[in-house]
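*Asks:* the following comprises the amino acid sequence and a computationally predicted model.
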Amino acid sequence: MSTVDISKTIADCEREPIRTPGSIQPHGVLLALLPQDLKVVQIAGDTQAIFGHSQQHLLGRSLRELGGSPALLQLTTQLNTAQFGARPVFVSHLRLQEFTFDVSGHLSEGLLILEFEPRRAPDRPEPMELVQRMASAVRSTVSVAELLHCMASEVQRATGCDRVMIYRFDPDGHGHVAAEKRSGDNIESFLDLHYPGSDIPMQARALYLRNWIRCIPDIDYAPLPIVPADNPLTGRPLDLTFSALRSVSPVHLEYLAQMGVAASMSVSIILGGTLWGLIACHHYAPHFIDCSLRSALELFAQVSSLQLATRLELDRGQRNAARRSIQDASLADLQEVGLSVLRRDAHRLIEVVGAQGMVMRIDGATFSHGHTLDETALATLLQWLDARRLKTILATDRIADLLKADGISLHANGIAGVLAMPLANVRDYAIWFLPELTTTVTWAGNPNESRPNADGRLTPRTSFAAWSEAMAGRSRPWEQDELDAAGRLRFALLEFAFLQIEEAARERESVQKRQELIMAELDHRVKNILATIQSLVRFSSKSAESLSSFTKGLEHRLVSMARAHDLLNSSRWTGASLHRVIAEELAAFCPSGADNLQLSGEDISLTPSAAQSLSLLLHELATNASKYGCLVVPEGRLSIRTERVINDSGISLIRLEWLERNGPAVVKPTRRGFGRLLLETVYEHDVSGGGVSLHFEPLGVRCQIDLPADRIVTNPDQQAVSHNV
């Protein structure tokens, strides 16, 4: 039969009505009652042997009508006070027809389901005492492997089964025996054998997730039908999801028979709402496990599941802590080094996800570390990732098969596992690799032997002897904590990229604002310079005696402005030294080292506008002194002093005092030329809050210039000076 036919048959198996089989196992009796009056509406099992009445006699009658038996009267009283739900609860030990029965009850689709099972081991320890002893043994273990072995040992001791296995479901859906306890060495070991996922169909796993326990005392039983078949409240077959007597699939019974097993019990191991595995019990003769022991085992399975979950979480936490430590050490320099830290610490990042090799492509540059794909295969993989526009982490243990599904041939050179993580930029990746494991998996029988029979029903394989199969083209699966570690790394890198983007945006905004300020300042300066030149031209022309004198005076004044401009350029227009402004303006009249100039007092830094205006003012004073004042004769002396003062209004100022001596006798001018106009009017206009006081004393010109504090840039390193210039 073709693979398609087998797949269809497996699908049919998945649809088998395992929750509503329409029958029960024959070692007990099932009654379906209307809760309000305890009237029997459905029935299954040998009621004559237990109640002394046929099924026909019981159907349609209330338990209260049967009478005659003190036990039944006691039961009806207990039913009136019991609290029932979807999961079975123990009701009573009931003595009927010389036998003792365990009675349990639960609700199913509006009916009260009562199940009567013979009590076969009355001398067994109390359930709570048994659970406490078993749980104490499990708590004393120190590793996951030891815990699983202890679970198997405790259940084997409690049940007396020939073999108890801890059967774990792998991520790929298959299962394997992770721990085992046998009653003797003559019992064949199944430890480490693997089982295909089809051995336990998905609907059976879903049932294990809802109902923690299932027991088959004798696989050779003849099922007893439920009469009538349909629930009168729903018109559908009775739902036996939580029934202990529920009949099981004929395929499963045949499966157990092929293994030589005569009785079995399965108890679920559930971690965080997920079916992690089973405690699977096998016995090679019919073996009845009564209701109280099953209840104890179910409670033990729940306690053990919590213990196992805690142990696995602890182990995972320790591994994650080690990974975080490595990851944090690599990412500590991310802000300073940038993404190049990935290349520098590739050996650490390989360890973070448990890989054996790593490739990174950052800004178009690709580099590798450890065991990776060759150049050609890597180019193929990167092109495939680019085409997929990968946005989330991709993990596979069969990369060649994954590409083959897209029609791409990949010669993986011994690589099978790939974990690809996209970075912030498009087409940038971090990719980890795992080697191909050419290994041998030992199955419990050849998993390919299952075939449909002549009726189209799937039959189990005929042999469960160890059967080895070579597995190639696959790596080990990526563990969840490895995927989590990669996810944390990606989050850290994305966070870094976002911070870089935000920083770049802030920097662009700051640069734009600086450019706007520079342009505004430049516009202001140009306008001021043009206004000053316009004033120079206008007033020079009015005071000039000839075109030649106008041209010469204007040229000198423009040169003075240029010198101040050069000083400001040297400080990037942050300010200009007052003493340097004075020295530059007087350099042409008093060469360096000359003894006819005395400069003293505190040097300060002037704002650009104040420096330009003051330079013109000093130029006019020096020009006048060289024509008419102290700089005309060799014995003339010029003294300039700067100091901080507070005027009569309490305002802080810098005062510059210009004093000429030993020059020609001073004659007060009869007309107001441009130089005087510049001194007394223009400066005060340009330097708001400043002032000029000019005195023509007989011994020489004296000028007092005040600079307001807002035109001063303070320099704490400046000191008072007194020297010749």
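*Replies:* Nice, I can see it.

*Asks:* what sits against Met128?
*Replies:* Shown in contact with Met128 (Cβ atoms under 8 Å, 6 or more residues apart in numbering): Ala296. Glycine gets a C-beta too; all of them are placed from N, C-alpha and C.

*Asks:* now it: which helix or strand?
*Replies:* In the assignment (DSSP states H and E), Met128 maps to helix 127-139.

*Asks:* report the buried residues of that helix.
*Replies:* Buried residues in helix 127-139, counted by 16 or more other Cβ atoms under 10 Å: 127, 130-132, 134-135, 137-138.

*Asks:* do stretch 60-73 as well
*Replies:* Neighbour counts using 16+ other Cβ under 10 Å place 63, 66, 71-72 of stretch 60-73 among the buried residues.

*Asks:* circling back: could I have the helix holding Met128 exported to PDB, CA atoms only?
*Replies:* C-alpha atoms of helix 127-139 as PDB (Å, rounded to 0.1, in the frame of the first residue of the first chain):
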ATOM      1  CA  PRO A 127      -3.400   6.300  49.900                       C
ATOM      2  CA  MET A 128      -2.100   9.400  51.700                       C
ATOM      3  CA  GLU A 129       0.500   7.400  53.600                       C
ATOM      4  CA  LEU A 130       1.600   5.800  50.300                       C
ATOM      5  CA  VAL A 131       1.800   9.100  48.500                       C
ATOM      6  CA  GLN A 132       3.800  10.800  51.300                       C
ATOM      7  CA  ARG A 133       6.400   8.000  51.300                       C
ATOM      8  CA  MET A 134       6.700   8.000  47.500                       C
ATOM      9  CA  ALA A 135       6.900  11.800  47.300                       C
ATOM     10  CA  SER A 136       9.500  11.900  50.000                       C
ATOM     11  CA  ALA A 137      11.700   9.500  48.000                       C
ATOM     12  CA  VAL A 138      11.400  11.800  44.900                       C
ATOM     13  CA  ARG A 139      12.200  14.900  46.900                       C
END
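
*Asks:* low pLDDT regions in the stretch 51-200 of the chain?
*Replies:* Applying pLDDT under 70 to the stretch 51-200 of the chain flags the ranges 67-68, 121-125.

*Asks:* any idea where the helices of the stretch 601-725 of the chain begin and end?
*Replies:* Using DSSP state H, counting those that start in this stretch, the helices of the stretch 601-725 of the chain run over residues 608-628, 674-677, 683-686.

*Asks:* returning to that earlier point: of all the buried residues of stretch 60-73, which comes closest to Asp706?
*Replies:* Lowest distance from Asp706 to those (Cβ to Cβ) belongs to Leu63, with 117.6 Å.

*Asks:* contact partners for the closest one?
*Replies:* 31, 33, 38, 40, 72, 75-76, 79.

*Asks:* mind checking which of the residues you listed land in helices?
*Replies:* In this view, the contacts of Leu63 that belong to helices under DSSP state H are 72, 75-76, 79.

*Asks:* which of the residues you listed are buried?
*Replies:* Buried among the ones in helices among the contacts of Leu63 by 16+ other Cβ under 10 Å: 72, 75, 79.

*Asks:* any idea which of the helices of the stretch 601-725 of the chain is most buried?
*Replies:* Among the helices of the stretch 601-725 of the chain, judged by mean count of other Cβ atoms under 10 Å, the one packed with the most neighbours on average is helix 608-628 (a mean of 22).

*Asks:* that helix packs against which elements?
*Replies:* With contacts defined as 3 or more Cβ pairs under 8 Å, 6 or more residues apart in numbering; DSSP states H and E, the packing partners of helix 608-628 are helix 480-543, helix 547-570, helix 578-586, strand 652-661, helix 674-677, helix 683-686, strand 700-708.

*Asks:* can you redo the buried residues of stretch 60-73 as TSV with distance to Pro286?
*Replies:* Compiled in TSV, the buried residues of stretch 60-73 are given as follows (distance: Cβ to Cβ, whole Å):
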residue	distance to Pro286
Leu63	30
Leu66	31
Ala71	27
Leu72	29
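
*Asks:* among those residues, pick out the one closest to Leu410, please.
*Replies:* The nearest member of the buried residues of stretch 60-73 to Leu410, counting by Cβ to Cβ, is Leu63 at 70.1 Å.

*Asks:* now the strands for the stretch 51-200 of the chain?
*Replies:* Counting by DSSP state E, counting those that start in this stretch, the stretch 51-200 of the chain has strands at residues 89-96, 99-108, 111-118, 163-169, 175-182, 194-195.

*Asks:* do the stretch 301-450 of the chain as well
*Replies:* Counting by DSSP E, counting those that start in this stretch, the stretch 301-450 of the chain has strands at residues 357-362, 365-370, 394-396, 415-422, 429-435, 439-444.

*Asks:* thinking again about what came up before, so how far is the helix holding Met128 from its chain's centroid?
*Replies:* In terms of Cα atoms, centre = their mean, to the nearest Å, the gap separating the centre of helix 127-139 from the centre of its chain is 40 Å.

*Asks:* check stretch 579-594 too.
*Replies:* The answer for stretch 579-594 is 69 Å, by Cα atoms, centre = their mean.

*Asks:* and that stretch, what's its mean pLDDT?
*Replies:* For stretch 579-594, the mean per-residue pLDDT is 76.

*Asks:* quick revisit: wait, which of the buried residues of stretch 60-73 is closest to Glu507?
*Replies:* For those, the nearest to Glu507 is Leu63 (85.0 Å; Cβ to Cβ).

*Asks:* that closest one and Leu75: what is the separation?
*Replies:* Relative to Leu75, Leu63 is positioned 7 Å away (Cβ to Cβ, to the nearest Å).

*Asks:* cool, and Pro196?
*Replies:* 46 Å.

*Asks:* do Arg474 as well
*Replies:* Taking Cβ to Cβ as the criterion, Arg474 is separated from Leu75 by 58 Å.

*Asks:* just the buried residues of stretch 628-642, please?
*Replies:* 628-631, 636-640, 642.

*Asks:* okay, and the helix or strand of this protein with the least pLDDT?
*Replies:* Ranked by mean pLDDT, DSSP states H and E, the helix or strand of the chain with the weakest confidence is strand 720-724, at a mean of 39.

*Asks:* what's the domain layout of the chain?
*Replies:* Split into domains by automatic domain parsing, the chain comes to 23-118, 127-315, 575-724.

*Asks:* reformat those as CSV; add distance to Ala486.
*Replies:* Shown next, in CSV, are these (distance: least, Cβ to Cβ, whole Å):
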stretch, distance to Ala486
domain 23-118, 40
domain 127-315, 16
domain 575-724, 55
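
*Asks:* between these, which one is nearest to Asn425?
*Replies:* domain 127-315 (31.7 Å).

*Asks:* quick check, distance from stretch 619-626 to the centre of its chain.
*Replies:* Chain-centre distance of stretch 619-626: 76 Å, with Cα atoms, centre = their mean.

*Asks:* check stretch 46-62 too.
*Replies:* The answer for stretch 46-62 is 63 Å, by Cα atoms, centre = their mean.

*Asks:* can you tell me how far Glu479 sits from Val418?
*Replies:* From Glu479 to Val418 the distance is 15 Å (Cβ to Cβ).

*Asks:* more neighbours: which of these two?
*Replies:* Set Glu479 next to Val418 and count neighbours by other Cβ atoms under 10 Å: Val418 wins out with 27 against 15.

*Asks:* thank you kindly, that will do.
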